[in-house]
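Structure for the following, please:
(one chain, ligands or ions: 1)
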Amino acid sequence: MTKAGIKIEDVHLSFGETEVLKGVNLDIKPGEFFAFLGPSGSGKSTLLRAIAGFGPDPRGRILIGDRNVVGQSPWKRNVGMVFQSYALWPHMSVRDNVGFGLKERKLPNAQIRPKVDAALDLVGLAHLADRMPNQLSGGQQQRIALARTIVVEPEVLLLDEPLSNLDASLRVQMRRELLNLQRKLGLTTIFVTHDQEEANTTSDRMAVLDGGVIQQIGTPQELYDTPANLFVANFLGTANILKGRVEADGTAARFVTETGDHLSLPAGMRSSGSNIVLRPQNITLLREEGPNTLTGTISHKEFLGSQIRYLVNAGGTEMVVDQSHSAGLDWFETGTQVFLQTNTSSAIVL
Ligand SMILES: Nc1ncnc2c1ncn2[C@@H]1O[C@H](COP(=O)(O)OP(=O)(O)OP(=O)(O)O)[C@@H](O)[C@H]1O
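Next up is the predicted model:
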């Protein structure tokens with residue numbers, strides 16, 4: 001299949017008076033698996049639909065390969081889109097559902113059959129070709145919807161929360177299948193999701209959206225390790241945020257919290273900012289005070305199997321702290337005073 005990159009240049013889109021996309025710029029490489037991640041209402045679907053050609057035309061340019069597709073009808077754009085609802089034709093067999101787009105394109109039957117067989121083979125459901133949609137599970141229906149989309153050989157694949165109607169374990173299985181299929185076809189893919197785990201586990205890179213504005217673009221690791229702002233830090237995983245200020249004298253720098261605690265910062269760490277972000281696994285609970293410790297009291301504990309998650313009240317801020325668990329290890333009981341040793345080398349100052 002042909003791979004095309006997608007460029008989005010200064011795209012604005014309004015519904016009536018409300019501006020929903022506020023100047024979006026993106027450069028998605030050919031063959032990339034790219035995710036749009038963001039909370040409900042952040043504009044992910046609107047952006048995807050603008051690429052597909054559904055809804056009002058935006059201002060700005062959307063290039064698929066080197067064609068600006070703004071103003072072009074959806075069927076001329078050569079994109080394939082899979083929705084949350086599978087929307088298979090209920091009165092048609094699996095084979096006819098998958099072949100529908102090819103029939104519409106007036107392809108002779110003799111050419112349709114092998115293409116449909118190949119697409120069904122790719123999603124592992126060749127043996128169900130003669131079933132009706134109501135004889136399939138949700139996961140199977142979504143695979144058929146995928147086969148129906150790829151059979152017409154689109155240049156880009158757009159997925160709008162395609163796994164949301166499936167139960168949790170099937171979602172995990174399907175996201176792996178989706179990635180395998182994408183890798184096999186090498187098809188430029190955009191996956192819209194509000195689920196950070198889904199975006200993290202599938203995408204090469206992602207854009208985090210909030211309020212119609214891209215907050216950051218990067219690989220899942222880049223966004224987790226070096227978030228550009230507090231929104232991204234909070235949206236990708238759990239973030240403990242302490243307010244305060246950075247003080248530096250000569251080569252040594254420290255973060256002074258609002259409650260007056262001092263956390264020394266490693267050399268080379270960003271030296272301005274009024275927040276320090278600590279991930280739950282970057283804090284160790286101690287019974288004795290030590291260097292770089294904050295004082296707190298355990299307010300809640302949850303046994304998660306490999307880890308124990310503690311909520312610790314430290315000077316009025318509730319901190320989430322994960323400690324790895326192994327059999328026989330002592331727990332900190334609720335109400336215990338503890339010292340939170342912070343690993344500031346993996347902290348982020350914002
Ligand atoms: N046809 C429409 N008319 C008016 N407003 C709309 C329309 N479609 C979307 N909106 C508004 O645009 C904003 C962005 O919606 P969009 O569906 O793109 O968000 P989203 O990030 O995909 O959210 P979700 O995860 O809930 O689907 C929302 O405030 C929504 O109410």
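
Enumerate every residue touching Ile217.
The neighbours of Ile217, taking Cβ atoms under 8 Å, 6 or more residues apart in numbering as the test, are Leu26, Arg205, Met206, Ala207, Val208. Any C-beta I mention is one placed from the backbone N, CA and C, and that applies to glycine too.

ugh, wrong one, Asp57
If you count contacts by Cβ under 8 Å, 6+ apart, Asp57 has them with Ala50, Val70, Gly71.

Nearest to Ser306 among these?
For these, the residue nearest Ser306 by Cβ to Cβ is Ala50; the value is 42.0 Å.

before we move on, the earlier item: can you pick the most crowded of the contacts of Asp57?
The member of the contacts of Asp57 that has the most neighbours, counting by other Cβ atoms under 10 Å, is Ala50 with 24 neighbours.

So which residues of the stretch 201-350 of the chain form helices?
Counting by DSSP state H, counting those that start in this stretch, residue ranges of the helices within the stretch 201-350 of the chain are 220-225, 230-235.

So in the protein, which helix runs the longest?
When every helix of the chain is counted residue by residue (DSSP state H), the longest turns out to be helix 168-185.

Identify the residues contacting that helix?
Residues beyond helix 168-185 that count as contacts (Cβ under 8 Å, 6+ apart) turn out to be 1, 33, 122-124, 138-139, 142-143, 146, 150, 157, 159, 162-163, 166, 189, 191, 198, 201-202.

Likewise for stretch 307-326?
Residues outside stretch 307-326 that contact it (Cβ under 8 Å, 6+ apart) are 238, 240-242, 257-259, 261, 278, 280-281, 283-285, 294-306, 331-332, 338, 340.

Spell out which parts of the protein neighbour the ligand.
Proximity of the chain to the ligand (Cβ under 6 Å from any ligand atom) is limited to residues Phe15, Val20, Gly38, Ser40, Gly41, Ser42, Gly43, Lys44, Ser45, Thr46, His194.

so how far is Leu178 from the residue of the stretch 151-300 of the chain found nearest the ligand?
Across the stretch 151-300 of the chain, the shortest distance to the ligand (Cβ to the nearest ligand atom) belongs to His194, at 4.8 Å. Distance check for His194 against Leu178: by Cβ to Cβ, to the nearest Å, it reads 17 Å.

Have a look at these two and say which one is more surrounded.
Leu178 (24 against 18).

about what we covered before: buried among the contacts of stretch 307-326? Need that as a selection in PyMOL.
To isolate the buried subset of the contacts of stretch 307-326 in PyMOL, counting by 16 or more other Cβ atoms under 10 Å, use the following:
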select buried, resi 240+242+257+261+278+280+281+283+284+285+294+296+298+301+332+338+340
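
Among the contacts of stretch 307-326, which lie within strands?
With strands identified by DSSP state E, the entries of the contacts of stretch 307-326 that belong to them are 240-242, 257, 278, 283-285, 294-303, 338, 340.

Any idea what Ile298 is bridged to?
Going by DSSP bridges, Ile298 is paired in beta bridges with Val312.

hmm, which two among the residues of the chain next to the ligand are most spread apart?
Of all pairs drawn from the residues of the chain next to the ligand, the widest gap by Cβ to Cβ lies between Phe15 and His194 and measures 19.7 Å.

which residues sit in contact with Ile28?
Gly5, Ile6, Lys7, Ile8, Phe34, Thr188, Ile190.

about what we covered before: could you pull up the mean pLDDT of the longest helix of the chain?
Summarised as a single mean, pLDDT over helix 168-185 is 90.

now swap in stretch 40-56 and tell me
Taken as a whole, stretch 40-56 has a mean pLDDT of 96.

what's that stretch in contact with?
With Cβ under 8 Å, 6+ apart as the test, stretch 40-56 has contacts from 6, 8, 11, 13-15, 20-21, 24, 36-38, 57-58, 62, 64, 69, 72-74, 76-77, 79, 81, 156, 158, 160-161, 190, 192-194, 209-212.

go again using 7 Å as the cut-off
Contact with stretch 40-56 is made by 6, 11, 13, 20-21, 24, 36, 38, 58, 62, 69, 72-74, 77, 79, 81, 158, 160, 190, 192, 194, 209-212, as judged by Cβ atoms under 7 Å, 6 or more residues apart in numbering.

Got a quick ChimeraX command for the buried subset of those?
In ChimeraX, the members of those classed as buried (16+ other Cβ under 10 Å) are selected with the following command:
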select :6,11,13,20,21,24,36,38,58,62,69,77,79,81,158,160,190,192,194,209,210,212
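
Which of the contacts of stretch 40-56 fall in strands?
Among the contacts of stretch 40-56, the ones falling in strands (DSSP E) are 6, 11, 13, 20-21, 24, 36, 62, 79, 81, 158, 160, 190, 192, 209-210.

Tell me which two in the residues you listed are the farthest apart.
Taking Cβ to Cβ, the two most distant members of these are Val79 and Asp210; they sit 25.1 Å apart.

Pull out the buried positions in the helix or strand harbouring Gly101.
According to DSSP states H and E, Gly101 maps onto helix 94-104. With burial defined by 16+ other Cβ under 10 Å, the residues of helix 94-104 counted as buried are Val94, Arg95, Asp96, Asn97, Val98, Gly99, Phe100, Gly101, Leu102.

likewise stretch 193-212?
For stretch 193-212, a neighbour-count test (16+ other Cβ under 10 Å) marks 193-194, 196, 198-200, 202-210, 212 as buried.

and if you look at stretch 128-145?
Of the residues in stretch 128-145, those with enough neighbours to count as buried (16+ other Cβ under 10 Å) are Leu128, Ala129, Met132, Pro133, Leu136, Gly139, Gln140, Gln141, Gln142, Arg143, Ile144, Ala145.
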